[in-house]
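> Here is a sequence together with a model predicted from it:
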Amino acid sequence: MPASSFRRRFIAFCDLNGRQRELELLGQSDPKILSRWHEALGSLTSCYQQARERECVVKGLADPYFPLSKLRRLNVEEFSREPGFADFSVESLARISAGHLLSWTKIFLSIRQDLKNLNNHSEISTMRLLDSPQEPLPETIWCEYCGGCCEIRGGGSDFSGSSKPPSLWYVYFRGDGCEYQRFCPFLFEYFATAKFFCSIYEIKPQCCWEFDREECEFLQKDVARERAERSRARPLCATGE
């Protein structure tokens, strides 16, 4: 299967996943949408040759807290516009995105399992991370859950709190878990709503605690300016996907 078809299949799955999660949040179900969701997931994961890879991606994408919207924007839609990738072929860009999705699901599932083992009394995450939308996002004073502050390569992994994190968490937070990292691996998404939250909020590193409202507002203005500049840039060539 051509690697370039990955992008089309990925975006198709993202759109269906959003509709399926929206129904879950409303406490509703639609067999037709659910069936199409499974078909889209199967079509996407067929891009991977090994059964273990397909199983990993299926498990990650089936999780309601997988940061799919962030991955779609940063590692698929905007990825090819970044400096250094302009000369890459469509096949190469699609192959990189497919590889990143696989790596990200592995990291996500690893963190997810660690949280199940360690977060019995909410010492690490403010969320219990239930598989059904029974708990809302925690209320905040000014945070809008955009996750913009977590769009980082990595940083100092000086976790706070008395609990000692798993050794791999230091690797993940430094940004050494996978190539082409565009956001923090501890950033989770709430049921495909493009609302993001820190899965290790209670023990997050010092650099995260120091990020305040003033820095957030500055970042939002900077991001808005950067996106405006990108929109004026030369559009991508048609790929025939």
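Now that the structure is in, tell me what you want to look at.
> Could you list the buried residues of stretch 60-67?
60-61, 63-67 (16 or more other C-beta atoms under 10 Å). C-beta: built from backbone N, CA, C; applies to glycine.
> Show residues contacting that stretch.
With contacts defined as C-beta atoms under 8 Å, 6 or more residues apart in numbering, stretch 60-67 is touched by 13, 17, 21, 24, 41, 44, 68, 104-106, 108-109, 112, 129, 131-133, 147, 183, 187-192, 196, 199.
> now the helices for the protein?
Using DSSP state H, the helices of the chain run over 5-25, 31-45, 51-61, 68-72, 90-118, 167-174, 206-209, 213-232.
> Give me the distance from the longest one to the chain's centre.
Yep, that's helix 90-118 we're talking about. Distance of helix 90-118 from the chain centroid (C-alpha atoms, centre = their mean, to the nearest Å) equals 9 Å.
> rewinding a little: out of the helices of the chain, which gets the lowest mean score?
Mean pLDDT values for the helices of the chain show the minimum at helix 213-232, a mean of 71.
> Distance check, the most centrally placed residue in the chain against F183.
In the chain, the centroid-proximal residue (C-alpha atoms, centre = their mean) is P67; its distance is 2.7 Å. Noted for P67: a distance of 7 Å to F183, by C-beta to C-beta, to the nearest Å.
> do G147 as well
When G147 is compared with F183 (using C-beta to C-beta), they lie 7 Å apart.
> any residues in contact with both of these two?
Shared contacts of G147 and F183 (C-beta under 8 Å, 6+ apart): 67, 70.
> what comes into contact with stretch 187-196?
Here stretch 187-196 makes contact (C-beta under 8 Å, 6+ apart) with 17-18, 20-22, 24-25, 64-70, 127, 129, 133, 137, 145-147, 150, 197-199.
> residue contacts, the residue in the chain sticking out farthest from the centre?
The centre of the chain is farthest from one residue, S162, which by C-alpha atoms, centre = their mean lies 27.5 Å away. Going by C-beta under 8 Å, 6+ apart, S162 touches no other residue.
> let's number from 31 now, not from 1
Sounds good: first residue 31 from here, last item S192.
> how close does it get to I230?
Counting by C-beta to C-beta, the gap from S192 to I230 is 14 Å.
> Quick one: neighbours of the closest residue to G178 other than its chain neighbours, just the number.
Nearest residue to G178 in three dimensions, chain neighbours excluded: L249, at 5.5 Å (C-beta to C-beta, 6 or more residues apart in numbering). Counted with other C-beta atoms under 10 Å, residues neighbouring L249 total 15.
> pretty sure L249 contacts C179?
Yes - proximity of L249 to C179 meets the contact threshold set by C-beta atoms under 8 Å, at 6.4 Å.
> so V87 makes contact with H130?
No - assessed by C-beta under 8 Å, V87 is found out of contact with H130, at 11.3 Å.
> Could I have the buried ones of the contacts of stretch 90-97 as PyMOL selection syntax?
To isolate the buried ones among the contacts of stretch 90-97 in PyMOL, judged by 16+ other C-beta under 10 Å, type:
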select buried, resi 43+47+51+54+71+74+98+134+135+136+138+139+142+159+177+213+217+218+219+220+221+222+226+229
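> what's the nearest residue to C214 if we skip its chain neighbours?
For C214, the closest residue by C-beta to C-beta, 6+ apart turns out to be C180, at 4.0 Å.
> Can you give me the separation between the one you found and L249?
11 Å.
> now do D144
Counting by C-beta to C-beta, the gap from D144 to L249 is 28 Å.
> swap in Y210?
Using C-beta to C-beta, we find Y210 at a distance of 21 Å from L249.
> now F43
For F43, the distance to L249 - C-beta to C-beta - is 29 Å.
> Check which residues of stretch 148-168 are buried.
For stretch 148-168, by 16+ other C-beta under 10 Å, it's 148-149, 154-155, 157, 159.
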